[in-house]
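Peer 1: quick one, what's the 3D model for this:
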Amino acid sequence: MCSASVPSASARPTGRVVLIGAVHEAQAVLAALLHSPLVRPVAVITPPDEERRRLSGAADLAGPAAAAGIPVLREGDVNRPEVVAFVRALDPDLVVAVGWTRLLGRDLLSVPRHGCVGFHASLLPQHRGRAPVNWAILRGETVTGNTMMLLDPGADTGDIVDQRRVSIDPEDTCATVYERVARAGAEMLLAHLPALLTGNAPRRPQDPAAGDVLPRRTPAMGVIDWDRPPRAVHDWVRALTVPYPGAFGLLDGERVMVWRTRPPRREEPEGAPGLVLDVEPGGVRVAARGGSLLVTEMSGRGEPPQPAASWARRAGLRPGARFAAVPPEVARWVLGHGPRPQEVAW
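Peer 2: Sure thing, here's the model as predicted:
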């Protein structure tokens with residue numbers, strides 16, 4: 001059963017909004033709704049703590065919502081009939097879903113007076129699917145974006161209301177790009193709130209045949225293929241770092257987490273891919289194809305990021321050690337090409 005109560009609706013304002021959210025992007029949207037004079041957030045739906053802790057980039061929405069006097073429903077499945085009934089009783093003008101990993105069903109989509117608006121961290125129809133910012137960075141792309149759309153039952157297929165381009169700079173990580181993506185989402189929502197609340201928001205249908213669909217990523221896909229150019233390895237690491245599970249190399253069958261690398265420079269030392277060339281004051285230098293790069297933060301499995309040089313000294317990592325090569329079929333799988341190979345056991 002739902003644990004949150006429905007607030008009294010003795011005097012219904014014109015902008016009743018329900019926010020459904022789970023990860024960091026939702027924080028900026030909640031802040032925007034709280035400061036907008038056009039709306040009254042009447043409920044925030046967010047996963048229970050135990051479920052939220054399993055999400056990469058999870059955000060605490062319950063705290064700021066409760067501090068603002070907004071009822072909070074901790075629920076992971078918004079399509080349950082009890083949750084749909086709860087939302088219907090709130091008589092919302094608009095539902096805003098952001099940072100939510102599950103599709104909204106038809107029953108819930110039909111509840112708000114002017115529909116459900118959602119966001120996707122790409123310039124749709126490009127990069128539908130999971131982890132679009134992570135995929136964009138690890139593929140070496142320099143631009144991503146955020147798309148605001150009116151949700152339909154499909155995955156990232158709703159009519160587009162607005163889009164904003166977001167740059168990806170050489171030293172950006174998934175976290176810094178997602179911060180800009182979140183700000184773009186909040187800005188778009190505030191800009192279009194008047195039209196959304198009257199059902200007059202601009203909408204541009206997507207071409208179902210256009211764009212691409214990204215595969216779902218798993219933590220095991222973070223393994224580093226050192227037999228790639230240094231820039232590609234750098235992109236790989238910064239795409240998967242905190243708050244995500246992280247990139248890693250395999251050393252004597254164990255994961256060594258690689259959290260940050262310095263952007264490669266010209267004429268770096270060379271060696272066999274995966275070979276530890278040096279432990280310098282600034283980090284651990286590891287060879288890649290055609291050069292090398294400096295790992296500046298690393299750790300053992302299950303440990304937080306630490307300065308690479310000091311961690312290497314404690315762990316006994318010395319020049320001459322070599323990270324394991326990645327089999328070709330695994331290298332294809334982690335890039336989104338082909339099924340998971342059977343030999344993936346880490």
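
Peer 1: just say helix, strand or coil for the nearest residue to residue 117 once chain neighbours are set aside.
Peer 2: In this structure, residue 117 finds its nearest non-sequential neighbour in residue 96, 5.4 Å apart by CB to CB, 6 or more residues apart in numbering. From N, CA and C alone the C-beta is placed, and that goes for glycine too. The three-state label given to residue 96 by DSSP: H, G, I helix; E, B strand; the rest coil is strand.

Peer 1: tell me how far residue 96 lies from residue 90.
Peer 2: To residue 90, residue 96 is 13 Å away according to CB to CB, to the nearest Å.

Peer 1: if you count surrounding residues, which of the two has more?
Peer 2: Each of residue 96 and residue 90 has its neighbours counted (other CB atoms under 10 Å); residue 96 has more, 30 against 20.

Peer 1: my guess is that one contacts residue 16, does it?
Peer 2: No - between residue 96 and residue 16 there is no contact under CB atoms under 8 Å: 11.4 Å.

Peer 1: so what sits opposite the residue nearest to residue 117 in the bridge?
Peer 2: Under DSSP bridges, the beta-bridge partners of residue 96 are residue 19, residue 117.

Peer 1: related to what we said a few turns ago, joint contacts of residue 96 and residue 90?
Peer 2: Common contacts of residue 96 and residue 90 (CB atoms under 8 Å, 6 or more residues apart in numbering): residue 18.

Peer 1: tell me the contacts of the residue nearest to residue 117?
Peer 2: Neighbours of residue 96 in contact, by CB under 8 Å, 6+ apart: 17, 18, 19, 20, 21, 29, 33, 116, 117, 118, 189.

Peer 1: show me which of the residues you listed is closest to residue 246.
Peer 2: Taking CB to CB as the measure, residue 246 sits nearest to residue 21 out of the contacts of residue 96, at 24.0 Å.

Peer 1: wait, that closest one touches residue 61, no?
Peer 2: Yes - in this structure, residue 21 is within contact of residue 61 by CB under 8 Å, at 5.5 Å.

Peer 1: need phi/psi at the nearest residue in space to residue 311 that is not next to it in sequence.
Peer 2: Distance criterion CB to CB, 6+ apart; nearest residue to residue 311, sequence neighbours excluded, is residue 298 at 5.4 Å. Recorded main-chain torsions at residue 298 are phi -150, psi 180, according to degrees, to the nearest 10.

Peer 1: what bridges to residue 298?
Peer 2: residue 258, residue 306.

Peer 1: and it, how far is that from residue 319?
Peer 2: For residue 298, the distance to residue 319 - CB to CB - is 15 Å.

Peer 1: who has more neighbours, these two?
Peer 2: Neighbours were tallied for residue 298 and for residue 319 using other CB under 10 Å; the higher tally belongs to residue 298 (30 against 13).

Peer 1: list the contacts for the more buried one?
Peer 2: Residue 298 touches 256, 257, 258, 259, 284, 305, 306, 308, 311, 312, counting by CB under 8 Å, 6+ apart.

Peer 1: report pLDDT for it.
Peer 2: Here the pLDDT value assigned to residue 298 is 98.

Peer 1: could you measure from it over to residue 344?
Peer 2: If you go by CB to CB, the gap between residue 298 and residue 344 works out to 22 Å.

Peer 1: in which helix or strand does the closest residue in space to residue 170 that isn't next to it in sequence reside?
Peer 2: Take residue 170 and drop its neighbours on the chain: the residue closest to it by CB to CB, 6+ apart is residue 263, 5.0 Å away. Assigning secondary structure by DSSP states H and E places residue 263 outside every helix and strand.

Peer 1: contacts only, for residue 263.
Peer 2: Neighbours of residue 263 in contact, by CB under 8 Å, 6+ apart: 170, 171, 231, 234.

Peer 1: where does the first one land in three-state SS?
Peer 2: So the one you mean is residue 170. Assignment for residue 170 (three-state DSSP): coil.

Peer 1: and what of the last one?
Peer 2: Counting by three-state DSSP, the backbone at residue 234 sits in helix.

Peer 1: contacting residues around it?
Peer 2: Going by CB under 8 Å, 6+ apart, the list of residues near residue 234 reads 261, 262, 263, 264, 293.
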